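Chemist: mind looking at a prediction? Sequence and model below.
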Amino acid sequence: MTGDPASSLPAERTLVLVVDDEPALLETMRLWLEEEFEVAVAGSAAAAEKLMAARRFAVVVCDHMLPGEAGLDFLVRMRERYPETRRILLTGYINPELFSRSYVVGELSACLLKPVNHAELAVAVRAAAQR
């Protein structure tokens with residue numbers, strides 16, 4: 001047998017963290033993204049922060065309305081601590097000011113409107129991971 005032994009190893013999958021306090025939606029997004037990415041989930045900003053301290057995520061996808069802390073505030077803090085991690089905000093509120101402010105303040109890769117679909121989420125995560 002010839003060739004590089006490392007070439008037979010599976011490619012390392014991009015590590016993605018999804019944060020949402022709605023368990024059913026969190027599980028759905030995890031299942032969608034697991035097809036292509038390694039996915040961890042958290043039901044709160046506090047839980048997500050602990051995960052981010054332990055592992056280096058390429059992308060974090062975070063709901064805006066979380067118990068205890070707004071998702072945008074969490075993403076801004078994570079931008080300061082982990083600038084290499086790309087950030088995507090999910091929101092159920094159609095507010096043009098929130099969208100434009102979020103991109104600037106959080107240096108977001110994307111801001112998606114809930115309910116998000118499988119294809120839209122995968123495209124946003126893929127694009128963020130490639131930056």
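Modeler: Nice, I can see it.
Chemist: how about the strands in this protein?
Modeler: Along the chain, counting by DSSP state E, strands occupy 15-19, 38-42, 59-63, 86-91, 110-113.
Chemist: TSV for these, including mean neighbour count and distance to residue 30?
Modeler: Every residue, glycine included, has its C-beta placed from N, CA and C. Putting the strands of the chain into TSV (neighbours: other Cβ atoms under 10 Å; distance: least, Cβ to Cβ, whole Å) gives the following:
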stretch	mean neighbour count	distance to residue 30
strand 15-19	24	6
strand 38-42	19	5
strand 59-63	26	10
strand 86-91	24	14
strand 110-113	18	16
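Chemist: please name the bridge partners of residue 88.
Modeler: Applying DSSP bridges to residue 88 yields these beta-bridge partners: residue 61, residue 110.
Chemist: buried sites along the helix-or-strand element of the chain with minimal mean pLDDT?
Modeler: The weakest-scoring helix or strand in the chain, judged by mean pLDDT, DSSP states H and E, is helix 96-106 (a mean of 76). Within helix 96-106, the residues scored as buried using 16 or more other Cβ atoms under 10 Å are 99, 102, 106.
Chemist: that one packs against which elements?
Modeler: helix 71-81, strand 86-91, strand 110-113 (3 or more Cβ pairs under 8 Å, 6 or more residues apart in numbering; DSSP states H and E).
Chemist: which strands and helices sit next to the second one?
Modeler: This means strand 86-91. Judged by 3+ Cβ pairs under 8 Å, 6+ apart, strand 86-91 is in contact with strand 59-63, helix 71-81, helix 96-106, strand 110-113, helix 118-129.
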